[in-house]
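Asks: Return atomic coordinates for the entry below.
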Amino acid sequence: EELIAVLNLQKSEHESKLNEYIQNYNGLEAEKEKLLHKLHLKEQQIHDLSLNVVDSELSAKYAALVVEYENIKVLLNAKEMELKESIRQKEQQVVTKLAVDFTQQTDFIENTLSVQESGQHLKMFSFEDNQEENKISKELQINKELGDLKARVQSLTEEKVGLENYIFRLEEELQILRGAEEEALLKASRDRDDLSGHLEDVKREAALWRQKADELLNEVEAKEELYYNLMKHKEKEYQQNLLTTREENAYLVNTLSTKEQSLKEVTMEVDLLRSEVERLKNTFSAEKNTLEEEVKTLKSQSTLSKAEDNPNYFNQVISELQDKLDDTIKETLAKETIIEDLKQKITSYDEGYAYKSLPEERLQSVEGEKIMIETLLKERQAEVESLRQELTTLLKRKAETQEHDDTMTILEDKDKEIGRLTKSVVEMQERLLRMEEGKLRTSIEDLQNRLDKALYTAHISDVRCEELTHEIMQLLEERDTLQFRLAEALRVIENNSTKEESISRSSSPLHSSLPSQSSPVNEKLNKIRHEYERDPTVQLERKSRHMQHMQLYSPTSEESTSADYGFFNWFFGGSPQGSTQPQSQSEES
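Replies: As a prediction, the model looks like this:
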């Protein structure tokens, strides 16, 4: 019974240990499944990263994942080896313990049986004579014990067979586990081959990325050269435009001053002409009054003798005067047509030629019109003298008839006609003067508008230059950032290539960390950006442009120029001093 209890206890212990081994094996299998799942996830990540590798960070992550995959493979192999070793040791321990226990139990049973048989023989020979009855009972008891021992031996043999069957089943399960392990190893080797092929593909992709990086570097250099040439070309154009605008501004300022001087001279000449016209009007009215007085004195005298001698004399005189009046009207109409032609020529000349030679042509046209007006006045004076001579001849003839009265009325009508013509001539002169003044004013306004446009275009060109300098600075910053990123990408690719070579050479597990972006790159970029902003040439150019604008729009000694440029001083940021416009008008404009 003690042997059976010991065997049962050992059996329970072995079963518990076997259950523990099975649980450990199941745990290792679960851990293996987890590792295989992680391996599958890492392969998926590697595949996704190989599809989405764009810059140096992704390539670095890919290298880190490759290193982690190698580490996981090494850990998986170590776990598999440890699992195999533990299973083999546990199998050996279980088999050896079961075999030792079984041999010990069988030896103990055989020893007890042999001892009992020897004791029975000794008892039978010693008590043969004395107790026959006890002999039979003892034999029966011994036979009974032998039966029990044989039954126990049979049960132990059955248990041995059961344990052997259990060991056989365990060996079969171990064979199944070994087959599964071999399949897992084959799968791991296949995965390793696939990963090695994928690694080769990734290396080829890395080579392609290196080639693309070289192409990008060449493209960046070409774009840098192109931007440099473009910047030089734009700078030359800007310098040329700046020189031309400065020359145009200086020329416009000079022309404006000359126009103002010529306008003053023309206004003085117009005042002189007006005074002269007034003087001629006064002389003409005085002569007219004297003629009227002479006519009145002649009326009292007798001119009948002449009229009786030649009755058609007054008719001839009237017809001659009518002819002269018609001639004067025709001459005035012709002169008006000539004046209109001259006006059209002046307008066509103004439209055809540039504004540079405009003041001289205006002065010449004004002088020509002045000469023409003087000739008209001289002709009118000659006509007045001729009429005065004719009147004197008429007065000498002393015609005192009714026809003489009619002739006097006709003469009065002619005087009125002459006065009307003189008024029309004066009005024509005033109209011509007003037209000339209006043209001069329009020409000055045109010049002022052109000057304003030129100043506005200069300001726009300056603003465009500021925008171009800002764009050039941005392009330079982008170039520097691209160069730094390219250098960083090349450095990361070199590090990855060296790490891949070290991984392929070494078989021990490696742990690597992801490369982080170095802060000195950002510091260098910020430093270069601040240096571009603090560029002395750019600051000097901006300051010079600002000073030139202030010089152009600063108030001058003359009130007219300050009044004209007050609005532009306000528009371009200056103080609108000297402007005659109110503040509300400037705000509305």
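Asks: And the helices in the stretch 351-500 of the chain, which stretches?
Replies: Assigned by DSSP state H, counting those that start in this stretch, the stretch 351-500 of the chain shows helices spanning 358-397, 402-505.
Asks: So for the helix or strand harbouring residue 220, mean pLDDT?
Replies: Using DSSP states H and E, residue 220 sits in helix 132-299. Mean pLDDT, helix 132-299: 75.
Asks: Which elements pack onto it?
Replies: Contacts defined by 3 or more CB pairs under 8 Å, 6 or more residues apart in numbering; DSSP states H and E place helix 132-299 against helix 2-51, helix 56-126, helix 358-397, helix 402-505. Glycine gets a C-beta too; all of them are placed from N, C-alpha and C.
Asks: Show the contacting residues for residue 468.
Replies: 234, 238 (CB atoms under 8 Å, 6 or more residues apart in numbering).
Asks: Next one: it from residue 422, what distance?
Replies: Using CB to CB, to the nearest Å, one obtains 67 Å as the distance from residue 468 to residue 422.
Asks: What of residue 199?
Replies: Taken as CB to CB, the span from residue 199 to residue 422 is 115 Å.
Asks: now do residue 212
Replies: For residue 212, the distance to residue 422 - CB to CB - is 96 Å.
Asks: Comparing those two, which residue is more hemmed in?
Replies: residue 422 (18 against 11; other CB atoms under 10 Å).
Asks: Tell me the pLDDT of that one.
Replies: The model's pLDDT for residue 422 equals 70.
Asks: same check, this time on residue 487
Replies: Checking the pLDDT column for residue 487, the value is 83.
Asks: same question for stretch 14-27, mean pLDDT?
Replies: 74.
Asks: Mind listing what's buried along it?
Replies: 14, 21, 25 (16 or more other CB atoms under 10 Å).
Asks: What would that stretch look like as PDB? C-alpha coordinates only.
Replies: What follows is stretch 14-27, C-alpha atoms only, in PDB (Å, rounded to 0.1, in the frame of the first residue of the first chain):
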ATOM      1  CA  HIS A  14       4.600  13.900 -12.700                       C
ATOM      2  CA  GLU A  15       1.200  14.800 -14.100                       C
ATOM      3  CA  SER A  16       1.200  18.200 -12.400                       C
ATOM      4  CA  LYS A  17       4.700  18.800 -13.700                       C
ATOM      5  CA  LEU A  18       3.600  17.600 -17.200                       C
ATOM      6  CA  ASN A  19       0.700  19.900 -17.000                       C
ATOM      7  CA  GLU A  20       3.000  22.800 -16.000                       C
ATOM      8  CA  TYR A  21       5.200  21.900 -19.000                       C
ATOM      9  CA  ILE A  22       2.200  21.800 -21.300                       C
ATOM     10  CA  GLN A  23       1.100  25.200 -19.900                       C
ATOM     11  CA  ASN A  24       4.600  26.600 -20.400                       C
ATOM     12  CA  TYR A  25       4.600  25.100 -23.900                       C
ATOM     13  CA  ASN A  26       1.200  26.700 -24.700                       C
ATOM     14  CA  GLY A  27       2.500  30.000 -23.300                       C
END
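Asks: please begin residue numbering at 645 from this point
Replies: Got it, first residue is 645 now, which makes that one stretch 658-671.
Asks: returning to that earlier point: out of the buried residues of stretch 658-671, flag the one nearest to residue 715.
Replies: Closest approach between these and residue 715, by CB to CB: residue 669, at 24.2 Å.
Asks: I'd say that closest one and residue 820 touch.
Replies: No: Residue 669 lies out of contact with residue 820 (CB atoms under 8 Å); the separation is 11.5 Å.
Asks: what's the burial count for residue 861?
Replies: 16.
Asks: Assess the claim that it and residue 1133 are in contact.
Replies: No: the criterion here is CB under 8 Å, and residue 861 misses it with residue 1133 at 9.8 Å.
Asks: Who's the closest spatial neighbour of residue 1106, skipping the chain neighbours?
Replies: residue 1189 (5.2 Å; CB to CB, 6 or more residues apart in numbering).
Asks: Now for that neighbour, which secondary structure element holds it?
Replies: helix 1180-1197.
Asks: picking that back up, so what's the residue count around the residue nearest to residue 1106?
Replies: Using other CB under 10 Å: residue 1189 sits among 18 other residues.
Asks: Quick check: the gap between it and residue 882.
Replies: From residue 1189 over to residue 882 (counting by CB to CB), the distance is 11 Å.
Asks: any common contacting residues for those two?
Replies: residue 1109.
Asks: what's the burial count for residue 903?
Replies: For residue 903, using other CB under 10 Å, the count is 20.
Asks: Against residue 1063, how distant is it?
Replies: Distance from residue 903 to residue 1063, by CB to CB: 39 Å.
Asks: What of residue 893?
Replies: 54 Å.
Asks: So which of those two has more stuff around it?
Replies: Comparing residue 893 with residue 1063 by other CB under 10 Å, the one with more neighbours is residue 893, at 16 against 13.
Asks: gap between that one and residue 1141?
Replies: Taken as CB to CB, the span from residue 893 to residue 1141 is 63 Å.
Asks: And for residue 1065?
Replies: From residue 1065 to residue 1141 the distance is 109 Å (CB to CB).
Asks: Thank you, goodbye.
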